[in-house]
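Asks: sequence-free structure coming up:
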């Protein structure tokens with residue numbers, strides 16, 4: 001059996017992989033499988049599966065391994081957590097848009113027609129306990145205003161929302177803020193908060209006992225006190241470092257309010273968790289980090305042997321038991337490492353067999369990730385600084401990124417899979433992280449010694465590690481990069497050691513320490529100032545000496561500042577102040593502000609964007625060699641992501657220069673879509689000097705590369721008289737190419753215009769008519785040219801061009817009338833126009849609306865003002881003016897040119913009796929330009945014409 005155990009394991013974990021670049025869309029995304037739990041009976045495993053940002057909660061039969069989806073999370077909804085109530089019901093917490101919701105899912109695993117029945121729970125509150133010892137009942141905390149009531153009710157009543165008085169527990173805490181329930185001991189725990197004294201007190205009682213007993217009170221406690229379980233009614237298992245250097249497993253006597261015994265203490269590390277055996281008489285296990293790896297120490301020989309056996313199979317990977325069924329001796333294992341994003345396994349302890357559920361990132365299984373080395377580096381005062389170095393597996397660009405962690409007190413780095421570290425390693429960077437003083441896990445004194453050491457001892461510890469690693473491995477460049485406190489630290493490292501650092505990337509950071517104490521009314525409160533002082537030290541002028549905003553003259557390397565405009569932790573004012581001062585002193589600084597983002601990104605798109613921008617910043621500032629050819633797909637994906645973001649302006653502000661810069665990078669790497677976008681930039685001068693010749697070259701390249709939009713754009717440019725490149729045959733062929741490449745039905749409409757007008761192709765009215773039959777096109781089974789909103793919007797434009805420019809005979813017009821007759825039951829084709837107003841329209845900025853100006857055809861050139869006309873239709877033969885139909889266009893003749901070139905076409909067909917048409921003055925217009933409005937009936941009779949001339953605006957004295 002043991003041999004079988006080993007064989008099964010190696011089937012799942014022994015694969016040969018090769019180093020290659022990682023697409024950011026595959027690296028920064030939700031895991032394929034997550035939140036794996038086994039049901040109480042040990043027969044089903046529930047898991048959240050996510051593909052393309054679409055999540056499904058599914059069940060897997062432990063025996064057959066058959067998987068069925070029971071709950072779909074559509075766009076706008078996402079699962080936050082769930083738990084088994086029993087084998088038949090799941091309790092679900094989820095978000096829909098921004099609302100936090102909950103419900104119960106009834107499971108019918110064997111009924112494929114009705115796998116699950118979802119019932120939304122609208123009663124405010126939270127599930128307290130599934131009551132494993134009581135059949136089909138739950139404990140629910142019902143929140144009514146500030147009061148918390150506890151109900152013990154049937155699942156059926158819970159679903160119905162029937163909370164009856166006889167189901168309510170009595171003798172609850174009147175001022176409780178939260179409750180917990182210990183199923184194994186049937187003990188209720190409650191927390192209360194005293195606003196006046198700022199005290200938090202923990203209480204407990206048995207449901208059978210009305211009396212509450214005080215467990216512990218917190219006020220200005222400077223040590224850890226974490227309850228892990230009840231040994232008996234008078235004693236707790238607590239993780240604490242009171243009167244101890246390390247957080248240890250200790251026995252706490254409730255009546256005496258004292259620690260009576262140290263049950264387990266590690267010599268070097270703080271404990272993270274501890275568990276008692278079921279009887280509560282002794283420790284079952286404890287966990288702690290050793291050299292960055294999570295270690296579970298078992299006190300039961302059988303469990304220890306089992307743990308060692310599993311570790312022999314998985315090697316140095318970290319193994320976490322995340323769900324266990326005591327009845328069937330079945331466990332869910334999560335196995336991962338710094339160079340492995342992990343996988344979930346089912347461990348059948350009775351049969352001694354492990355089988356794979358699935359890998360968290362199966363799309364990355366062919367990737368060789370970078371492994372992390374752990375160093376213990378001795379500081380000047382002999383303190384050991386635990387340091388992590390992750391080096392590239394393949395391409396190495398010779399750059400060391402020093403990455404201080406955030407907060408900085410009470411958190412730590414670990415030796416586990418880190419997507420951002422792996423991103424940089426895949427790009428050739430080495431990444432160094434340290435557990436400097438202030439970090440958790442190394443004892444009380446180690447953590448406390450970091451308080452008030454911003455820009456001082458913390459950075460000294462980091463520098464100790466950097467010097468050691470640099471001497472050992474030798475790098476061409478070194479840059480500091482970090483977020484939150486890490487952003488501050490990154491700037492301070494470059495200030496204190498200018499000879500060491502070549503650039504800085506500081507994200508979501510704080511750069512003016514005194515500002516922390518008075519950022520707003522909330523931060524100015526005494527309790528908040530006290531909390532801040534526990535991190536940075538007491539408020540004093542000394543803080544200015546370690547604030548980057550006061551040390552601008554010492555920042556002499558390129559620096560990138562990244563922030564979120566909704567950050568309430570490191571308010572954006574910190575970044576704005578530092579950026580302003582750096583720009584004022586002509587320093588090399590860039591700023592990237594994310595819109596709608598707080599202290600870090602909530603969506604994966606933000607991480608992809610941020611990492612791509614940073615990588616490009618590093619390459620530019622360090623003048624690194626371009627990526628190897630194998631990185632092309634990665635570079636294209638990143639450059640297009642950045643380009644579109646600066647084009648749309650939804651997540652970051654619009655920036656035409658950056659938009660074009662990144663499109664050009666992607667185009668030069670061979671991406672046809674980016675080539676088209678670059679061509680557009682050259683044609684219109686977006687972020688780059690206007691160059692029609694280069695625009696056409698890039699359109700041609702993109703079209704030859706298979707980009708249908710580029711082919712369509714070529715068709716447009718070859719028929720645009722204003723560009724001076726008219727080639728009607730090339731225009732038709734380009735539209736035809738776009739149609740074959742799968743462009744939407746606008747390409748067919750454009751070809752239809754050519755057929756109608758007989759330009760670039762022989763006139764064919766039958767082809768013209770069929771090109772505009774969109775209903776017939778939609779019905780074609782083999783249609784690859786989508787009929788969308790843009791198609792319908794283009795119809796009027798094309799028809800206007802046909803009837804204004806088509807040079808059609810009366811006979812041909814009659815044949816083409818079906819193109820427009822379908823728009824009305826009885827369209828009218830002959831009438832005349834009476835002018836009512838012509839002149840300027842002046843913008844009222846405050847009201848954001850336009851008012852009529854002077855009635856004149858001499859229009860002052862004021863950007864964003866308008867010029868235009870208003871007119872009525874004159875009756876002819878008592879026609880019904882509600883059914884008229886005519887065509888109009890704006891044309892423009894630039895100063896010192898001979899011809900008017902068409903700009904905009906209209907098919908006018910609405911039922912207004914007063915018609916208006918306006919031209920918005922833009923930066924493309926100049927003094928001396930003439931702008932003309934023309935209106936024609938269907939027979940090409942000129943009904944109306946008005947020409948405006950742009951003149952110098954009046955200057956107020």
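Replies: Sure thing, it's come through. Just so you know, these numbers come straight off a predicted model, no measurement behind them. Numbers count the residues shown, from 1 in each chain.

Asks: can you give the domain ranges for the protein?
Replies: Per automatic domain parsing, the structural domains of the chain span 375-625, 626-717, 744-820, 832-951.

Asks: I'd like the ones you listed as CSV, with mean neighbour count appended.
Replies: No exception for glycine: its C-beta is placed from N, CA and C like everyone else's. Formatted as CSV, the domains of the chain follow (neighbours: other C-beta atoms under 10 Å):
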stretch, mean neighbour count
domain 375-625, 19
domain 626-717, 20
domain 744-820, 17
domain 832-951, 15
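
Asks: mind listing residues that contact stretch 674-691?
Replies: 636, 639-640, 643, 647, 655-661, 663-667, 692, 694-699, 701-702, 705, 707, 709-710, 713, 717 (C-beta atoms under 8 Å, 6 or more residues apart in numbering).

Asks: among those residues, which ones are in helices?
Replies: Judged by DSSP state H, the contacts of stretch 674-691 include 636, 639-640, 643, 647, 656-661, 663-667, 692, 694-699, 701-702, 709-710, 713, 717 as members of helices.

Asks: just checking, residue 67 touches residue 46?
Replies: No. Using C-beta atoms under 8 Å, residue 67 makes no contact with residue 46, being 10.5 Å away.

Asks: these two: which is more packed in?
Replies: residue 46 (22 against 15; other C-beta atoms under 10 Å).

Asks: give me phi/psi at residue 294?
Replies: phi -70, psi 120 (degrees, to the nearest 10).

Asks: return the residues in contact with it.
Replies: 272, 287, 288, 318, 320, 414, 416.

Asks: wait, what's in contact with the fourth one?
Replies: Contact partners of residue 318, counting by C-beta under 8 Å, 6+ apart, are 293, 294, 335, 336, 337, 416.

Asks: farthest-apart pair in those residues, please.
Replies: 293 and 335 (12.7 Å; C-beta to C-beta).

Asks: need the next SSE after the helix or strand that residue 903 is a member of, C-terminal direction.
Replies: Residue 903 is part of strand 901-908 when elements are defined by DSSP states H and E. Following strand 901-908 in sequence order, the next helix or strand is strand 914-920 (DSSP H and E).

Asks: columns pLDDT on top of the contacts of residue 294, output as a markdown table?
Replies: What follows is the contacts of residue 294, written out as a markdown table (pLDDT from 0 to 100):
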| residue | pLDDT |
| --- | --- |
| 272 | 97 |
| 287 | 96 |
| 288 | 96 |
| 318 | 94 |
| 320 | 94 |
| 414 | 96 |
| 416 | 96 |
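
Asks: shaky segments in the protein?
Replies: 1-20, 520-524, 781, 822-831, 874-884, 908-913, 955-957 (pLDDT under 70).

Asks: how close does the closest residue to residue 543 other than its chain neighbours get to residue 531?
Replies: Of all residues not flanking residue 543 in the chain, residue 513 sits nearest, at 4.0 Å (C-beta to C-beta, 6 or more residues apart in numbering). Distance, residue 513 to residue 531, using C-beta to C-beta, to the nearest Å: 14 Å.

Asks: okay, now the sheet partners of the strand holding residue 903, with direction.
Replies: Pairing partners of strand 901-908, with direction, according to DSSP bridges: strand 886-893 (antiparallel).

Asks: give me the distance from the strand it pairs with to the chain's centre.
Replies: Here strand 886-893 is found 45 Å from its chain centre; the criterion is C-alpha atoms, centre = their mean, to the nearest Å.

Asks: could you check the angle it makes with strand 914-920?
Replies: 30 degrees (axes from the mean of the first three to the mean of the last three C-alpha atoms, to 10 degrees).

Asks: name the residues that touch strand 886-893?
Replies: With C-beta under 8 Å, 6+ apart, strand 886-893 has contacts from 722, 799-800, 803-804, 829, 831, 899-908, 917, 919, 925, 929-938, 943.

Asks: how about the helices of the stretch 451-600 of the chain, start to end?
Replies: Along the stretch 451-600 of the chain, the stretches classed as helices by DSSP state H, counting those that start in this stretch are 457-473, 485-496, 526-536, 572-584.

Asks: ok, which of those comes nearest residue 352?
Replies: That would be, of these and by C-beta to C-beta, helix 457-473, which comes in at 43.1 Å.

Asks: chain center to the closest one: distance?
Replies: The answer for helix 457-473 is 33 Å, by C-alpha atoms, centre = their mean.

Asks: try stretch 427-437
Replies: Taking the mean of its C-alpha atoms, stretch 427-437 sits 24 Å from the chain's own mean (C-alpha atoms, centre = their mean).
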